[in-house]
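Enquirer: sharing a model that was predicted from the sequence below.
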Amino acid sequence: MPSEIELKLATDPATLASLSRHPAVAELARGRARRARLVSRYYDTASHRLHDAGVALRLRRDGRRWLQTVKGPGSAVAGVHQRAEFEWRLSQPRLDFAKLATTPWQHTFAKAAGHLRLLFVTDVLRTSRPLAFADGTRAILCLDQGFILANGRRAPICEIEIEFVDGDARRLSDLGLRLAAELPLTVGYATKADRGYALSGAFPLQPVRAKRVPLPHDASAAAVVAAVGADCLRQIGGNAEAVAAGEDFEFVHQLRVGARRLRSLLKLAAPLVPAERVAPLLEELAWLGTTTGAARDWDVFVAQTLASITPHLETTQLRRALGRLKARATRLRVAQRAAIREAAGSPRLARFLLELGALCAAIGDQPSGEAAGPARVLAQVELDRSDKRLVKRARGLRHAAPAERHRARIAAKKLRYAAEFFAPLYSKSRAAEYIDALAKLQEALGTLNDLATAGRLLGEVVPQDALSGDIAEAVGIVRGWIAASSMTELGRAAKARRGLGKLKPFWN
């Protein structure tokens, strides 16, 4: 099946205009640059049958040429997109269903015939230039500036696409890293089609969540780390792109989860990667974790903890007092939102993602004999170790200090991530039952941690020496709520711990 491989980056118009003169591009450029206006019409049915099948259909005018293109489902790892692509030159600007019938989605197109409609349009000025790398790899650098038009709304396009022609596709990321080291670039996850569907209102952007990565039962440790690492990068990159564009709350949460999953995975990968290569990446993950953690803490405090108290207050005076407290907290929350948006759209994060993408590719390319053996061996060691740590730290939760409960939560989180990483290697039903029970314990411990964090943030909103009048009353209400809720969650955590203890670990 013909496929397309490309590295997608985003930048500002000034950087895009100067990119052709960058030394990293100039030394690879071959031949003359070509400039063309590309106007692409994207089609689907009213019920979005093509989108549901993972297919994008466009009719493009490229200068005097008309091209019909179909793209199928694919993947995106650290900005490197790979998906099936079929393209034909047409003699007239009309969809050719006979050609669509030659693709793997012929039945989807047959059912859509007669029901397709124009959904959105992209209009870009593209400057393209052939590139030749020292090892013989060939690619095409495409600089796109223009807009997407859907339902009367416009969104700008300012993208860099490095399209693979032949050779070694890893050279795309090498070039991306050289450019990101000096230029304000971000890694692109949403395609033009994704953005068009979102702009049309058909499919608003959704938070990117972790997936269950399919793995053969005899997979090597390297194969597991590479595949799960790619999924972590998908989760981090997709949510970071949305957060930088202004989305928040659940996108921030999923960005944080992706960073935590990746941190756990990199620690598991110690036998596969030199420590000096992983150390700087763990430092960057710590930076990302601190930034996302602060934003998430304020989101939970304002949008969940304080918001859940208001409906239970009996008087208008109390509701107003809590409202003033919430207004103060909201101002601090806004500051953290600005910080996470800046981090999510930073060249620093782009470099980090590109480095990690290169690392995952290198791990996946290791010969099986040098890849630390079967994944089940690594799984047995790591899951046993994490399980013993959780059993030890989850004892006596009801009488434990918040710091001890926090350590138990971290232990539960690490065990859950490791269990999810390796679960596809074992019985699906046993793994699912165990992970579900573990998730209940982690959720209860997580809520306890949120309540403890709420108490700390409350002190930042209203310092002890500023307690007076109705604000002091509101603070007292919140502290009382935290105490009562903590007792409830402690009971839930104890029940979840007992439930987990009744299950035999699925890896034994």
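Expert: In hand now; what should we look at?
Enquirer: for the most centrally placed residue in the chain, give me its contacts.
Expert: In the chain, the residue lying closest to the centroid (Cα atoms, centre = their mean) is residue 235, at 2.2 Å. Neighbour list for residue 235: 208, 209, 210, 254, 255, 257, 258, 261 [criterion: Cβ atoms under 8 Å, 6 or more residues apart in numbering]. (Each C-beta comes from the backbone N, C-alpha and C, glycine too.)
Enquirer: those residues, buried ones only, as a PyMOL selection?
Expert: A single PyMOL command selects the buried members of the contacts of residue 235 (16 or more other Cβ atoms under 10 Å):
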select buried, resi 208+210+254+255+257+258+261
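Enquirer: what is the distance between stretch 225-235 and the centre of its chain?
Expert: Taking Cα atoms, centre = their mean, to the nearest Å, the mean C-alpha location of stretch 225-235 is offset from the chain mean by 10 Å.
Enquirer: as a whole number, average confidence for that stretch?
Expert: Across stretch 225-235, the average pLDDT comes to 95.
Enquirer: please apply the same query to stretch 435-442.
Expert: Per-residue pLDDT over stretch 435-442 has a mean of 96.
Enquirer: so what touches it?
Expert: Stretch 435-442 is contacted by residues 394, 409, 412-413, 415-416, 419-420, 423, 492-493, 496-497, 499-500, 503 when judged by Cβ under 8 Å, 6+ apart.
Enquirer: dump it to PDB, keeping only the CA atoms.
Expert: What follows is stretch 435-442, C-alpha atoms only, in PDB (Å, rounded to 0.1, in the frame of the first residue of the first chain):
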ATOM      1  CA  ILE A 435      -5.900  -2.900  36.500                       C
ATOM      2  CA  ASP A 436      -9.500  -1.900  37.200                       C
ATOM      3  CA  ALA A 437      -9.100  -2.700  40.900                       C
ATOM      4  CA  LEU A 438      -5.800  -0.900  40.900                       C
ATOM      5  CA  ALA A 439      -7.400   2.100  39.300                       C
ATOM      6  CA  LYS A 440     -10.000   2.300  42.000                       C
ATOM      7  CA  LEU A 441      -7.200   2.400  44.700                       C
ATOM      8  CA  GLN A 442      -5.200   5.000  42.700                       C
END
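Enquirer: number the chain from 55, please
Expert: Fine by me, first position is 55 from now on; the one you just mentioned is stretch 489-496.
Enquirer: what are the buried residues along it?
Expert: 489, 491, 492, 493, 494, 495, 496.
Enquirer: what helix or strand is the second one located in?
Expert: In the assignment (DSSP states H and E), residue 491 maps to helix 482-515.
Enquirer: what comes up buried for that helix?
Expert: Within helix 482-515, the residues scored as buried using 16+ other Cβ under 10 Å are 484-485, 488-489, 491-509, 511-512, 515.
Enquirer: same thing with stretch 84-92?
Expert: Buried, per 16+ other Cβ under 10 Å, within stretch 84-92: residue 92.
Enquirer: distance between it and the chain's centre?
Expert: 33 Å.
Enquirer: that one - what's its average pLDDT?
Expert: Stretch 84-92 shows a mean pLDDT of 94.
Enquirer: quick one: contacts of it?
Expert: 74, 114-117, 176-186, 198, 200.
Enquirer: repeat that for stretch 371-383.
Expert: Here stretch 371-383 makes contact (Cβ under 8 Å, 6+ apart) with 352, 355-356, 360-361, 363-364, 367, 511, 515-516, 524-525, 527-529, 531-532.
Enquirer: 7 Å instead, please
Expert: The contact list for stretch 371-383 (Cβ atoms under 7 Å, 6 or more residues apart in numbering) reads 355-356, 360, 363-364, 367, 515-516, 524-525, 527-529, 531.
Enquirer: returning to that earlier point: quick check on the contacts of stretch 84-92: which are buried?
Expert: Buried subset of these (neighbour count, 16+ other Cβ under 10 Å): 114-115, 176, 178, 180-186, 198, 200.
Enquirer: take those residues and lay them out in a markdown table including distance to residue 222.
Expert: Shown next, in a markdown table, are those (distance: Cβ to Cβ, whole Å):
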| residue | distance to residue 222 |
| --- | --- |
| 114 | 28 |
| 115 | 33 |
| 176 | 30 |
| 178 | 28 |
| 180 | 25 |
| 181 | 25 |
| 182 | 21 |
| 183 | 19 |
| 184 | 16 |
| 185 | 13 |
| 186 | 12 |
| 198 | 24 |
| 200 | 31 |
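Enquirer: now do the strands in this structure.
Expert: For the chain, applying DSSP state E gives strands covering 57-64, 88-98, 110-116, 119-131, 134-144, 171-186, 192-204, 207-220, 240-241.
Enquirer: mind pulling up the pLDDT for the residue of the chain positioned farthest from its centre?
Expert: Going by Cα atoms, centre = their mean, the residue of the chain most distant from its centre is residue 523, 44.5 Å out. We have a pLDDT of 76 for residue 523.
Enquirer: for it, what are its contacts?
Expert: Contacts of residue 523 by Cβ under 7 Å, 6+ apart: none found.
Enquirer: equivalent analysis for the one 5 residues further on, please.
Expert: Residue 528 makes contact with 375, 376, 378, 379 under the criterion Cβ under 7 Å, 6+ apart.
Enquirer: show me which of these are buried.
Expert: Buried subset of these (neighbour count, 16+ other Cβ under 10 Å): 375, 376, 379.
Enquirer: quick one on the thing from earlier: next up, the contacts around the residue nearest to the residue nearest to the centre of the chain when sequence neighbours are not counted.
Expert: Leaving aside its sequence neighbours, residue 289 sits nearest to residue 312 (Cβ to Cβ, 6 or more residues apart in numbering; 3.4 Å). Shown in contact with residue 312 (Cβ under 7 Å, 6+ apart): 286, 289, 290, 293.
Enquirer: could I get these as TSV with distance to residue 142?
Expert: Shown next, in TSV, are these (distance: Cβ to Cβ, whole Å):
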residue	distance to residue 142
286	37
289	35
290	36
293	36
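Enquirer: may I ask which two of those are separated the most?
Expert: 286 and 293 (11.2 Å; Cβ to Cβ).
Enquirer: the two: which is more packed in?
Expert: residue 293 (29 against 26; other Cβ atoms under 10 Å).
Enquirer: what residues are up against the nearest residue to residue 253 once chain neighbours are set aside?
Expert: Leaving aside its chain neighbours, residue 253 sits nearest to residue 204 (4.2 Å; criterion: Cβ to Cβ, 6+ apart). By Cβ under 7 Å, 6+ apart, residue 204 lies in contact with 173, 174, 250, 253, 254.
Enquirer: any idea how many residues pack against residue 346?
Expert: Using other Cβ under 10 Å, the number of residues around residue 346 comes to 28.
Enquirer: how near is it to residue 340?
Expert: 11 Å (Cβ to Cβ, to the nearest Å).
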